[in-house]
Every structure is written in C-alpha cells, then in structure tokens.
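**Student:** I would like the atomic coordinates for the input below:
(2 chains)
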Amino acid sequence: MSLLDVKDLRVEFPARRGLFVAVDGVTLTVRPGEILGVVGESGAGKSTIGNAVIGLLEPPGRIGAGEIRLEGRRIDDLDEAAKRRIRGRRIGMIFQDPLTSLDPLQTIESQLVETIRLHLGLDGAAARARAVDLLRQVGIPDPELRVKQYPHQFSGGMRQRVVIALALCAEPEVVVADEPTTALDVSIQAQILDLLKALCRDRKVGMIVITHDMGVIAEITDRVAVMYRGRVVEEGPTAKILGDPDHAYTRALIGAVPRPDVRLHRFPYVDYIEGIATKPPAIDLRGHWLGKARDFGAKTDGPLLAVEGLGIRFPMNNAWLERNRRYLDAVKDVSFAIAEGETFGLVGESGSGKSTVARLITGLYRPTAGRVSFNGTDLTAITRDRDLNPFRRQIQMIFQDPFSSLNPRMRVLDIVAEPIRFHRLASGRDEVERIVRDLLDHVGLGAKAAEKFPHEFSGGQRQRICIARALATRPRFLVCDEPTSALDVSIQAQILNLLKDLQEELRLTMLFISHDLPVIRQMCDRVGVMRHGRLLEVAATEDLFERPQHPYTQELLRLMPHFEGLSHDNLDVEAVGGAG
Amino acid sequence: MPTFILKRLLQSVLVILTVALIAFSLFRYVGDPINAMVGQDTTLAQREELKERLGLNDPFIVQYARFVVNAAQGEFGMSYRHRRPVSELLAERLPATLELSIVSMVLALALGVPMGVYTALKRNGVLAKTFMTVSLVGVSLPTFLIGILLILVFGVWLRWLPTFGRGAVVDLGWWTTGLLTKSGLQALILPAITLALFQMTLIMRLVRSEMLEVLRTDFIKFARARGLPDRLVNFRHALKNTLVPVITITGLQLGSIIAFAIITESVFQWPGMGLLFIQAISTVDIPVMAAYLCLIAFFFVIINLVVDLLYFAVDPRLRVGRALG
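**Tutor:** Alright, predicted model coming up:
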C-alpha cells in the first residue's frame, strides 16, 4: 500500500500578470521504506511539490487542483490547525542549508525538546533523554555533551545531522528532503546520504528526495521522477531512468552531467534545455579585436605563471602579545607552475584554501610568504599599485556567484566596457560599444543584451556576462573560481563548453578552481589537490584520476559519485585521450 | 570575554578623556575666564594675581590634568551665573532628566516592540497599516511641535494636564522624585509622551523590519515544518532573534534621549539638566556647559558598555567559542 499519494497536483501562484502555474498535473506515490527522487533544474517546480506536501506553500501560492493523500486520507484540504498537527508528526522536512536551518540563539536541546514535547507529549526529563538518544542515532559523538551546545558550535555536516534528528524526532512516516546535501562537501555528502538511507530502511519511512544532482539520485533513490517546467516528464525505477531514459529532456539532462570516467572534447550539446540556440560564431584571432595587441612583450622560456612557497595567514584573535596570537594558515607553502595555454585545476573541499590561492594570484590578497611570478616578473615584489595595472589587464577572474558579482545598477554595456575604459584599450565611445556588443555576441548573449540590466538575465546568462567582462581586457590568463557551481547542470555544460571554445580560440591559459571532480576532469590538463591550505599532490589529470598517489586524493575519488549505468551511450560524444 | 570588557573600558576612558579635553578647551579658550569672573573696574594687577591664583598661568597639560582630576571627583568649578558649585546644580537637576528619559524609554519600548511585532505578523491588516501611517507622523514631526500640540490640546483646550514644571516632588535625600505625587505624575505625562513618540515609532519600525527579515529565514521555515504553533515560532524563535539589533539601537537611543531631552525640557519648562544647559548657553555659563558635556559623554559610554554586555547575554555566538566537530 502506498504511504503518500500525490494525484494530478497543480500549484498556482497568482501574480500581477495572470496566474503562474508552478506545478501542473503531477502524480507521485511513495511507499514505506522507499526513497523517491524528484530531479530537475531550478524553476522546474520540484521544491514547490515538497512545500505543497507539507502544507507550507509560500503565499500567495495555492493548490489549484488535484489532491494529496497520506495513508489514503486527504490532507491538502485540511484546515491550518490540522495541517500543523501533521507537520513534524507525520511528515517531516529537511532543508538544504544546515547553516541556516537552526535557531542560532537556542541550544540544540531546547529545539529538540520543544518539538518532542509538542508532538509526543513527554515530560521534560523524558524529552531530554529522547533528544540525546536521537543525536546518538544520527551519529553525533558525545550526545550528552553536545546537546547542550548551540548550532554555531557544530560543523556543517554535524548540523545537518541535527536537522535530520529534528525532522525525525516525532517519528514521521514521510520525510521530504529538499536538497539535503547540496550545501555540503562531497565526503560529508556521502555520510549524510548513508544516514538517510539507513534511517529510511530501518524505520520504514517513505522519503522524497528533491535534488538537482544526478549523483544523489543515483546514490540513494529507488525510483525517480524527472521534472521539467512544472511537469513530470518521466518516472520510473532509478536504474531504468538513468540507464535507459525515454524522454529527450532526461537524455539531455544526463548527457550534461560531467563524466568522471572519460574526458570528452566537448560536453554533448544540450539544446532541449533553455538557452543558446546556435553556437556563437568562431573568432578568427588574426582579424579580430581580441587578437590585436596580443604580443604581451617579450616571452620568457619559463612557465607563464609560477607560484613558489605561497602562503597567507590570518590572525584568529588580536592579542597584544605576539606569543598569545594565533593564526590560521589559510594557504601554506603552495608551489606550482602553469605553462602558457594550459588549464591547471585546483580541487579541494570547502576551507581547503583553493579560492584563497586565486585571490592571492589576482592580487586581491597580499601573500604573507612566497612569490607569484607572471611571465618571469615577480608580482609580489611590485609595491606601487599603478605598476600592477599591466598585469591586472592580463590576469582576469570569473567568480562563483554570478548574482553578486555584477553591479545591479549598471547596464551590461557599462559592466563590460568598464575594464576597456579603465585600461584605455579602445579609442572613443563608438569603438568601445562596438567591442562590447561583439563580445556579448561571442559569449552567446547577442548584442542586444548590452542595453539591459543584470537582473533581466538568468544565472547562466549572468555568468556569460562575467565571462565577457573578463575577456574585455584581452587577458592572457583567466582565473575561474567555481565558475559553474551556482548553475544548473545543463547551464554548466554550456558555460564549460564556452570556456573551452574561448580557450582554444584565444589561446588562454587558465587556473580552474572547483570542488567538483568530474568538472575538473573535463576541463583541466593538470590538477593540484588541496586540503587545509596545503597542496598535497599535482599530477596530469588522467594520471590523477587513474593512479592517485596521495591517500586524500584516493579518498576523494572514492567518494565521488560514479553513476554506473548512467546512460551516456546514446549521445554522440567523442572522447579525448586514451583513457576511459 | 574579560579581555573584551577590559578593552571596552579602556576605549571608554579614552572617549571620556577626549570629551574632557574639548570641554576643557571650551573652558579655557572660549572667552576669557577672568573677564567672566571680575567686574570692569578690576585692575590689571588684580587680574594677573587672580590668574596666578587660579593656575591659569600653568602649562596647558598641567591645567588639563587638574581639570580632569577635579572632574573625576565631580568638581567642575562655580557657575558664573548661579554663583554655586556646578556639581550641586547638576545633582539637583539630574533626577528630573533621568526620570523623564527613563519613563519615556520604557513607554517607547512597551508600546513600540508589541506594535512592531504586530505590524510584522499582520502585515496587511487594517490596524497594522494604520500603525504604519501614524508612525510616519511620529517620525517626521519635530519634537517641539509635538510638545506644543500636546500642550494646546491637553493643557489649553481640555485643561486636563499641567503644561509646565514638574509638580510636587518628594525629596528622598539623595534624589528628588516626582513619581510619588499625583501632580508630579500628571506633570510627567505630556513631556514623557512627547519625548517617547519619536523613539516609539523608530523602535516599532525597526522591530517590524527586523522581524520580517527573521520570518523569512530558513530556521523559521524549519520550525513551521516541524509543526510548532505560531505562538512558539513567532515569539520564541523570531522575536528573540529580532532583539539583537534592537538592543543596540535602543541603547543608543536612550543615550540620545538623555542628551536631547533639551528640547522637550525647554518646551515644558521641565527643571532638568537640558533646561539648565540651554540657560547656560544663553548666559555663556561655561563651567556648566563643560560639565554637561562631560556628563553626557559619560552616560553614552556607560550605556554603550551595557549594550555590549547585553549582547553577550542574548547571543550565544559571542558567549561560547566556536568548537567545530
């Protein structure tokens, strides 16, 4: 018998310009002990389904049609008080970001106890005992001690365990997990997924896992529903959907997932999904503005960029006495070199110092130790700010979050033109505008984008604006700091393809930073693995993936989702290199 | 945490010393103190002798040190106008100002916080919208105008309440209070409302916007998803998180209420320090001005210190160290 039935669900949001239908005609069932995956890209309506099931649609959203049944009884038409009795008691929910899901001013114990007492009617002592017991069940060491602590005293993974304990504390029959591991590192993600899987199996809980991540789907779900623009386009057992999808969208989505096992020349072209219809025209460097003045002075024989013994430390406290001061070595003794035209990858978990390295190279931080040399010139030895400008022009950066890295009050034209004007790379207004429109055309946005403001673009389009801005100085070296981790997988494939094309056309050298091993494999020639601010291993990409030397690298590769049985065969792709 | 308090105390001492320096410069260099003390027929020799006797020929730093040492003992010299020690004058007036300020602040908090919570929770309610509109008036009308309007309505037209002075006061020896007599309480009503109105609207708007912010956070959503009733979600989780920034603003506002009671005090002829200060300005009574300056700085510093300590009480993230694991 099924536990939860969603039938022909339609969720509408009345808006100024008519009705927006977020979810339409969705039918799902969950059985006890089963994990149902709901996968799709942002805006597909997958979170809305979760919110509708638990009765917490953001106003003014409402259920327009269809029904939701829990063990055969309708719950979508209950009044608010009855819905509240179901929330937490019979249907639990786990949110994406464990850092913001807990009240920072209350101890873990008080949050657990209030929920337990509310639903189970236990007295204080029994509720406290149960709170400790729950923490033990979700794998928190020293639960008696830690239950008295505040959320900020827990790490991200531990907090997500606390969130799970909170969601489970009244033994709900159904749990809705909305992107439960998206904010976590890959090693923590594996632990949390194992925990969820075990809880489901042991307690016969039916679970809906909402995610954009095919890796998570492959890892824990029994069945999966693929959503596209508010509708379920395909549903079935996970192995069948991933291995032999029927729907074109599913095939495109799976094709866009970076493969961990083989390096491809390009990502399979994803044209089903929103975005760029035609491939932007190729740039012929000989005649094009981007190719002009590309002789950057005398070429030296050495690598284009060399980092030697690089380090930066931040004070943790500011004690008056030197011996009382403690420092955090965000980056310590990092050395590597990048040859002209090469793509060098830096991979590591959060807090490993990989982004700090990028900031040190681009001069956003001053190193406390070591040197950064560009084309033979020691950048750290330059003291006058103005003398750095020629190098700033040659080294450009693309940031992770395309939403916060564009000034919302500037038109795209001015955003892209700013570096051109600053470095005086063009003569006159008309030429600047012509170049900007040309650049926007090349990154696939079309020249008309120049007149718009950043908020009129989606995340992937914004990242294209960022790329155009970085290209505007005719750079030689591009630092990409997690350029696609805020983007959907199909958009990621497009952006990565664009970067690959541009690199080929413009002979760019790249430092590519990512936490995502498959992406690194697709993009990089050589890779460095970082942890706790240190560089553990540097190797050619194929060697690193096939024969990792350092135990930490081996561990990372082991935890990487492998998607056995993921259907890549029915897509036309050509592999690069011998391995695979 | 002890290091933090020590640091804060040191900073406070620095602030007070700086203000004392300004007050002292006022004392010493705005006008000629000798001229202010003696008549026109005093001879130059007498002036010189007085100058020597008062120590005005000593080096700057010595004079400043003397000023600071005296001020630390509450000794600010004689008022030119009243011919009485400034400390005595201030001690007489201080209770009036403090009673007025604290009553206003309590009034502002007692009304402002609940109104803020209400307008945040019932964002589209008629009453909430009325509050918001009326609060605009409170924010935009200048204090003296509100005071005069209140006098006109309740004092002149309705003749319900007294419009000036403090009424009968009870002398407790070290403190004179108007809170124990009927006329004292009546006299307090209008100035307290006048002074509280702006603060109340400010607090209400602050609480409302902070609360709306907090209600959007994930942990509130998660609390609802756990089935917690609105009462718990709104007051236990949301309100407490709202109060962290409210404490700062409220603390600073208490300081400025004390400092800027001047206007209300002059409108209502309230016998407080502000009125004394206004009168001191018009008669160039520099010792009073200097003392007032130092005292207000002292209040600000103390209040800020208390606010910092309250942070520790409210926010465990400051109290307990980060122990990852």
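
**Student:** poorly predicted segments of the stretch 1-150 of chain B, please.
**Tutor:** In the predicted model of the stretch 1-150 of chain B, residues B:1, B:31, B:33, B:36 satisfy pLDDT under 70.

**Student:** in it, which residue sits closest to chain A?
**Tutor:** Of the residues in the stretch 1-150 of chain B, the one nearest chain A is B:T3, at a distance of 7.9 Å by CB to the nearest CB. (Each C-beta comes from the backbone N, C-alpha and C, glycine too.)

**Student:** same question for chain B.
**Tutor:** Closest point on chain B to chain A, by CB to the nearest CB, is B:G227, at 3.3 Å.

**Student:** leaving out the residues flanking it, which one is nearest to that residue?
**Tutor:** Distances taken as CB to CB, 6 or more residues apart in numbering or on different chains put A:G88 closest to B:G227, at 3.3 Å, once the chain neighbours are dropped.

**Student:** how many neighbours does that neighbour have?
**Tutor:** 27 (other CB atoms under 10 Å in any protein chain shown).

**Student:** residues contacting it?
**Tutor:** A:T115, A:L118, A:H119, A:A167, A:C169, A:A170, A:P172, B:A225, B:R226, B:G227, B:L228 (CB atoms under 8 Å, 6 or more residues apart in numbering or on different chains).

**Student:** and of those residues, the nearest to A:R10?
**Tutor:** B:A225 (22.1 Å; CB to CB).

**Student:** and that closest one, how close does it get to A:G33?
**Tutor:** Separation of B:A225 from A:G33 (CB to CB, to the nearest Å): 22 Å.

**Student:** which of those two has more neighbours?
**Tutor:** Taking other CB under 10 Å, B:A225 and A:G33 do not tie; B:A225 has more neighbours (26 against 15).

**Student:** quick check on the more buried one: phi, psi?
**Tutor:** Per-residue torsions, B:A225: phi -70, psi -20 (degrees, to the nearest 10).

**Student:** pretty sure it sits against A:R84.
**Tutor:** No - counting by CB atoms under 8 Å, B:A225 does not reach A:R84; the two are 10.2 Å apart.

**Student:** and the residue of the stretch 101-250 of chain A closest to chain B?
**Tutor:** In the stretch 101-250 of chain A, the residue that lies nearest chain B is A:Y150 (4.3 Å; CB to the nearest CB).

**Student:** so who does A:I398 touch?
**Tutor:** Neighbours of A:I398 in contact, by CB under 8 Å, 6+ apart: A:Q463, A:C466, A:I467, A:A470, A:L478, A:V479, A:C480, A:D481, A:P483.

**Student:** apologies, that question was intended for A:A165.
**Tutor:** A:A165 touches A:L112, A:A131, A:L134, A:L135, A:Q137, A:V138, A:I140, counting by CB under 8 Å, 6+ apart.

**Student:** in strands, which of these appear?
**Tutor:** If you go by DSSP state E, the contacts of A:A165 have nothing in strands.

**Student:** hmm, back to that, out of the contacts of A:G88, which is nearest to A:Q522?
**Tutor:** Nearest to A:Q522 among the contacts of A:G88, with distances taken as CB to CB, is A:A167, at 35.6 Å.
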